[in-house]
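K.L.:
Pasting the sequence and the predicted coordinates here, then a few questions.
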Amino acid sequence: MRLFEVLLIGSNLVLLTVLLFMRNRKIALGAGLAAVCALSVHLIQEGYRWQLAPAYFAAVILFILVAIRIYRNPKSVKPRKKTRYIGYSIVAVLLSFSVFLAQAMPILVLPRPGGEAAVGTRIFHFTDFTRQESYPNVPKNDRELMVRVWYPAKPQSGKGELLFPEDPAQFRTYKENFSGVFKVPAFILDYWKYTRGYSHLNAELLPASAPYPVVLISHGMGTGSVLHVSQAENLASHGFIVAAIDHTYSTAATLFPDGRITGFETKTPADDFYTYAKEVGAVWAADIQFVLSEMEQLNQDPKSSLKGMMDVNHTGIMGHSFGGATAFNATYYNDKIKAGIDMDGTLYDLEDKGQMPKPFMFLNSDKRSMLSAAIKTMRFRAVSGHNW
C-alpha cells in the first residue's frame, strides 16, 4: 500500500478506537480532523483507488459518528451499546476489507533496473509503405507500427514515465481493451493508471566509447510492449538499446500519435491454430525485419539522437508466448539477428528447418510437454562461446 493509504487506514483505526473507549469530545474531534487530513492528502497526492472504497465509506461513517458525539445534547437518549458495537464492527470490517483488496491488487511497483546507467526512452511511429494490413475487418492501409526504445541515458531527476496514457479518454480505452482480453470488468484495471517505470522520456543518450548492442522484444498475443517495460529498462541500464514492437491489431491496445487506438483483431481459431498462426507469424516476422531496417536507418541518420550508437551487427531478440515463437523464427531466418530467447512460446512453424545455427534459449513454464514435442520434431545444437 502507498504511504497515505496506510495513514488513511491507520488514522481511521485510531478514530474508531477513540470512539469505542474514550468519551472526551476534544480527543474525538482531534482524531476526526487527523482522519480527514489523511483522506484529503491521500486523494490529492496519490489519487483514489476503488480498492479503498470500503475505507472511504467507513471514514464517512466515522466522521458522522464524531459529529454526533460533539453536537449531541448530553441529555438525549444514547444509542444502546449493542447498536453502537454493531456499527463499529461494520466499520472495522470495511477497513479490513479495504486492506485486503489493496494488498491483493496493489499498485504495481516495477523492479528497479539493476545496471549502473540511468534509462531513457523514446517512442517511434514507423510506416511500412511496402505492406498493407492483411487482417480481416481492418482498414487496408499501409502497415503502421509503434515501437518504444529504451537506452542508457545520462542521470535524470524526477519520477519515471507512466506506463499508460495520462489522457483520461485514452486510458479508458486502454483499460476497456485489456479488460476484454483478460475477461474482467474494466473498473478492475483502473488502478493501472498509477503505474510508473524508471525511464525518462527523451532523456539524453549516455555517451559510450563503442556502440550499444541491440535487443528487439516481441510481445505475446493480445498483450503489448507495456508488459515488457521492466525487462527493457533493466537491459538498457546494463548497456543495451532495446526496441519493443507493438504488433498492430495483435495488441490489446496500441496508441498512435494522432490519437487513434487500435485493438485486438487477431483472433486465432482454436480448431485451426497452426495454419492461422503461420499466417500471423509471417506478419510479425515482417514487422521484425522492418523495424530492424528502421533501426539501421536511425543509426545512420544525422538528425537522429541514436546516430552511430547502435551496434546493429550484434542484435538479439526475445519474445513472450506467440512473440517468443516468432523470435525463434526470426533468429533462424534473419542473418542480422545473432541470438534469441523464447519465453514460454509454443513453436508453430517447424517444417523444413535444420539445425539452429545460433545460440537460442527456451524459458518455459512447467508445461514442458509442448517444448518436448518440438524438440522431438527438430534437432538443435548448442553453440557456445558465440559473442553476439
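P.N.:
Okay, I see it.
K.L.:
Any stretches of the stretch 251-388 of the chain with poor pLDDT?
P.N.:
For the stretch 251-388 of the chain, the stretches flagged by pLDDT under 70 are 270, 366-388.
K.L.:
so where do the helices sit in it?
P.N.:
273-300, 322-333, 369-377 (DSSP state H, counting those that start in this stretch).
K.L.:
Could you check the second one and say which residues are buried?
P.N.:
Residues of helix 322-333 classed as buried: 322-332 (neighbour count, 16 or more other Cβ atoms under 10 Å). Glycine gets a C-beta too; all of them are placed from N, C-alpha and C.
K.L.:
related to what we said a few turns ago, got JSON lines for the helices of the stretch 251-388 of the chain, with distance to residue 263 too?
P.N.:
Formatted as JSON lines, those follow (distance: least, Cβ to Cβ, whole Å):
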{"stretch": "helix 273-300", "distance to residue 263": "16"}
{"stretch": "helix 322-333", "distance to residue 263": "17"}
{"stretch": "helix 369-377", "distance to residue 263": "28"}
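K.L.:
Give me whichever of the ones you listed is most buried.
P.N.:
helix 322-333 (a mean of 25; mean count of other Cβ atoms under 10 Å).
K.L.:
what residues does that helix touch?
P.N.:
Under the contact criterion Cβ atoms under 8 Å, 6 or more residues apart in numbering, helix 322-333 has outside partners 216-221, 247, 250, 277, 280-281, 284-285, 288-289, 317-319, 337, 339-349, 353, 356-358, 360.
K.L.:
Equivalent analysis for stretch 271-286, please.
P.N.:
128, 131, 134-135, 143, 218, 247, 250, 266, 268-269, 322-323, 325-326, 329-330, 333, 348-349.
K.L.:
any idea how the chain splits into domains?
P.N.:
3-104, 118-161+196-377 (automatic domain parsing).
K.L.:
In terms of secondary structure, what does the longest strand along the chain contact?
P.N.:
In the chain, with assignment by DSSP state E, the single longest strand is strand 118-132. On a contact count with 3 or more Cβ pairs under 8 Å, 6 or more residues apart in numbering; DSSP states H and E, strand 118-132 meets strand 142-153, strand 200-201, helix 229-237, helix 273-300.
K.L.:
all strands for this protein, in order.
P.N.:
118-132, 142-153, 200-201, 212-218, 241-246, 254-255, 261-262, 310-320, 337-343, 360-363.
K.L.:
The ones you listed into TSV, with extra columns for mean neighbour count and distance to residue 186?
P.N.:
Output for the strands of the chain, formatted as TSV (neighbours: other Cβ atoms under 10 Å; distance: least, Cβ to Cβ, whole Å):
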stretch	mean neighbour count	distance to residue 186
strand 118-132	17	25
strand 142-153	22	22
strand 200-201	16	27
strand 212-218	25	27
strand 241-246	27	20
strand 254-255	22	17
strand 261-262	19	14
strand 310-320	22	24
strand 337-343	23	28
strand 360-363	15	31
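K.L.:
In contact with residue 349, which residues?
P.N.:
277-278, 281, 325, 329.
K.L.:
Let's see that with 10 Å instead.
P.N.:
For residue 349, the contacting residues are 274, 277-278, 281-282, 285, 325-326, 328-329, 332, by Cβ atoms under 10 Å, 6 or more residues apart in numbering.
K.L.:
With residue 209 instead?
P.N.:
So residue 209 contacts nothing (Cβ under 10 Å, 6+ apart).
K.L.:
Look at residue 192 and say how many residues are nearby.
P.N.:
17 (other Cβ atoms under 10 Å).
K.L.:
quick one: contacts for it?
P.N.:
Contacts of residue 192 (Cβ under 10 Å, 6+ apart): 107-108, 162-164, 171, 174-175, 178, 226.
K.L.:
Would you reformat those as CSV and include distance to residue 9 and pLDDT?
P.N.:
Formatted as CSV, those follow (distance: Cβ to Cβ, whole Å; pLDDT from 0 to 100):
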residue, distance to residue 9, pLDDT
107, 15, 91
108, 20, 88
162, 25, 94
163, 26, 94
164, 26, 94
171, 26, 95
174, 29, 92
175, 25, 93
178, 28, 91
226, 30, 94
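K.L.:
ok, the residues you listed vs residue 262, which is closest?
P.N.:
residue 174 (11.4 Å; Cβ to Cβ).
K.L.:
Next one: the residue nearest to the closest one when sequence neighbours are not counted from residue 104, what distance?
P.N.:
If the residues on either side of it in the chain are set aside, residue 174 comes closest to residue 253, at 4.7 Å by Cβ to Cβ, 6 or more residues apart in numbering. Relative to residue 104, residue 253 is positioned 24 Å away (Cβ to Cβ, to the nearest Å).
K.L.:
higher neighbour count, the two?
P.N.:
residue 253 (24 against 8).
K.L.:
Now do the helices for the stretch 1-150 of the chain: every range, in order, please.
P.N.:
Going by DSSP H, counting those that start in this stretch, the stretch 1-150 of the chain shows helices at 3-21, 25-41, 53-71, 81-104.
K.L.:
Give me the mean pLDDT for the longest one.
P.N.:
In this case it means helix 81-104. For helix 81-104, the mean per-residue pLDDT is 87.
K.L.:
buried set for it?
P.N.:
For helix 81-104, by 16+ other Cβ under 10 Å, it's 87-88, 91, 94-95, 97-99, 101-102.
K.L.:
Fine by me, thanks again.
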